[in-house]
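*Asks:* Got a sequence here, can you model it:
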Amino acid sequence: MTFQRTGWPRHLAASVLVSLLLQGCASTATVVEDAARHPAPIYQGPEAPTMYADAPRSVTGVIARPVSVVRAAVRQAFTDYGIPVTVDNAANGQIGNPDFFRSRQFMGRPMTDLVSCGGGITGPNAATYRIFMSIIVTTKGDATGGTALAVLFQATARDVVNGTSNDRLVCAGSGRVEQLLVEQTRARAMK
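*Replies:* Predicted structure coming up:
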């Protein structure tokens, strides 16, 4: 970039240009970035900065079967894993359960293989805490006659022995819950 003589000193022209560029960037990206990267505070204290949970991300897949077949397969996969279906909305394509819990094991695997909820003196919290989960599967027909699905999984943990009813830790998923649900749905849909 070159500056032509306009009567302004070079350092003043450069600082005005930088100021205008920064104002333009700040006004367009900050709110969107904060909403996407920092959806929910998990710790706020007077002597420490606020810590945020990661934004949830869905795992997606495509199954070469009609939506009605895939929706039935999703319901069956939930039954296979012992998850009661409390949301079944055909209008927006959602099936799932936004609030259920398990302890120690889920989907035939140790909870520690599925989520990470921090640890303590006795080991990983996921091994002993009650894990509260939300799993929502969204199905939508695609242009080829198949079905696109997205699985959104979120988890929190509560120490039911020493905690209070409001003490929950945010857990990070390993991606295995979503993968198992997509695989089970695909196997059910292809029968």
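*Asks:* what residue ranges in this protein score low on pLDDT?
*Replies:* 1-56, 163-166 (pLDDT under 70).
*Asks:* All the strands of it, residue numbers only.
*Replies:* Assigned by DSSP state E, the chain shows strands spanning 41-45, 48-52, 59-63, 87-89, 94-103, 105-106, 109-110, 115-116, 119-120, 123-124, 130-141, 147-158, 169-173.
*Asks:* hey, which of these is tucked in deepest?
*Replies:* strand 147-158 (a mean of 22; mean count of other CB atoms under 10 Å). C-beta coordinates here come from the backbone N, C-alpha and C atoms, glycine included.
*Asks:* How is this structure divided into domains?
*Replies:* 10-52, 59-189 (automatic domain parsing).
*Asks:* Which positions in stretch 174-181 come out as buried?
*Replies:* Buried positions in stretch 174-181, judged by neighbour count with 16 or more other CB atoms under 10 Å: 174, 176-178, 180-181.
*Asks:* Those residues in helices, which ones?
*Replies:* 176-178, 180-181 (DSSP state H).
*Asks:* Just put those residues in JSON lines and tack on distance to R65.
*Replies:* Putting these into JSON lines (distance: CB to CB, whole Å) gives the following:
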{"residue": "R176", "distance to R65": "24"}
{"residue": "V177", "distance to R65": "22"}
{"residue": "E178", "distance to R65": "19"}
{"residue": "L180", "distance to R65": "19"}
{"residue": "L181", "distance to R65": "16"}
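*Asks:* Skipping its backbone neighbours, what lies nearest T86 in space?
*Replies:* N97 (4.8 Å; CB to CB, 6 or more residues apart in numbering).
*Asks:* Tell me who's in contact with that neighbour.
*Replies:* Neighbour list for N97: 78, 83-87, 133-136 [criterion: CB atoms under 8 Å, 6 or more residues apart in numbering].
*Asks:* Identify the bridge partners of it.
*Replies:* Beta bridges link N97 to I135, judged by DSSP bridges.
*Asks:* Name the nearest residue to P98, ignoring sequence neighbours.
*Replies:* P98 sits nearest to S134 (CB to CB, 6+ apart), 4.4 Å away.
*Asks:* ok, the one you found - contacts?
*Replies:* Residues near S134 by CB under 8 Å, 6+ apart: 96-99, 152-155.
*Asks:* Tell me the one of those nearest K191?
*Replies:* G96 (21.6 Å; CB to CB).
*Asks:* Spatially, what comes nearest to that closest one if we skip its sequence neighbours?
*Replies:* Using CB to CB, 6+ apart, the closest residue to G96 is I136 (3.8 Å).
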